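Visitor: Provided below for reference: sequence and predicted model.
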Amino acid sequence: MERHPRSNRQLTVSMSDGIVVIATPAEFDLDATEALLRTVGAAVTTGETVMLDLDPARRWDPDRWPHRAHYAEHDVIEAGRSASAIGPGFLRLETGGETWTLDLVRHRFCRSASAVDPCFVTAPSWTAIRAAWITSDRTTVLTRAGTYVSVPSVWVPAAAGAVDAA
């Protein structure tokens, strides 16, 4: 029986300071993207906060992580809106007021008024990110410039096997 080398598309899940930390792989296929979506969805459904570590070379200080804050009542997601895998390494967040596209391979995201195919997003529209924190109702990213950007969101995966065509 031939043994195959381990895939470099594996997620690494750990706990730090009460937060589920997921280190993302260098490469994503669609299975890894959907596994990440399901893992985050399962964790936040149980009340956990998840950190996507997109910069494993950096040592994170838990005291500097964003902490839960009180958000305005208008930060409510419309029913049925959630995170979805739209391709290998790409996730879409429907947020009620805008759409976020996360590129987990290149560690960046973009915001748009409506869903957009990542192939048509120009370079200046992407913002480089180091990490993302996800709760049951909010996603916060840390940009390479050191700014936190936050939006109401729901990370509940769509029906199994359903992939949104970008």
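Guide: Great, that's in hand.

Visitor: Packing partners of the longest strand along the chain?
Guide: Counting by DSSP state E, the longest strand found in the chain is strand 127-134. If you count contacts as 3 or more Cβ pairs under 8 Å, 6 or more residues apart in numbering; DSSP states H and E, strand 127-134 packs onto strand 50-53, strand 108-112, strand 138-143. Where you see a C-beta, it was placed from the backbone N, CA and C, and this is true even at glycine.

Visitor: can you put those strands in a markdown table and add distance to Leu30?
Guide: As requested, these are exported to a markdown table (distance: least, Cβ to Cβ, whole Å):
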| stretch | distance to Leu30 |
| --- | --- |
| strand 50-53 | 17 |
| strand 108-112 | 19 |
| strand 138-143 | 21 |
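
Visitor: will you turn those strands into CSV that also has mean neighbour count, mean pLDDT and distance to Leu37?
Guide: Shown next, in CSV, are the helices and strands packed on strand 127-134 (neighbours: other Cβ atoms under 10 Å; pLDDT from 0 to 100; distance: least, Cβ to Cβ, whole Å):
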stretch, mean neighbour count, mean pLDDT, distance to Leu37
strand 50-53, 22, 91, 11
strand 108-112, 18, 94, 15
strand 138-143, 22, 90, 13
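
Visitor: The ones you listed: which one's closest to Met15?
Guide: Nearest of the helices and strands packed on strand 127-134 to Met15, taken as Cβ to Cβ: strand 50-53 at 10.1 Å.

Visitor: re the thing from before, who wins for proximity to Ser125 among the helices and strands packed on strand 127-134?
Guide: strand 108-112 (4.8 Å).

Visitor: Low-confidence regions, this protein specifically.
Guide: In the predicted model, the chain carries pLDDT under 70 at residues 1-9, 61-81, 156-166.

Visitor: Run through the helices of it in chain order.
Guide: 30-45 (DSSP state H).

Visitor: which residue ranges form the strands in it?
Guide: 12-16, 19-23, 50-53, 83-87, 90-94, 99-103, 108-112, 127-134, 138-143, 148-152.

Visitor: which one is Leu91 nearest to, not counting chain neighbours?
Guide: Excluding the flanking residues, the one nearest Leu91 by Cβ to Cβ, 6 or more residues apart in numbering is Leu102, at 4.4 Å.
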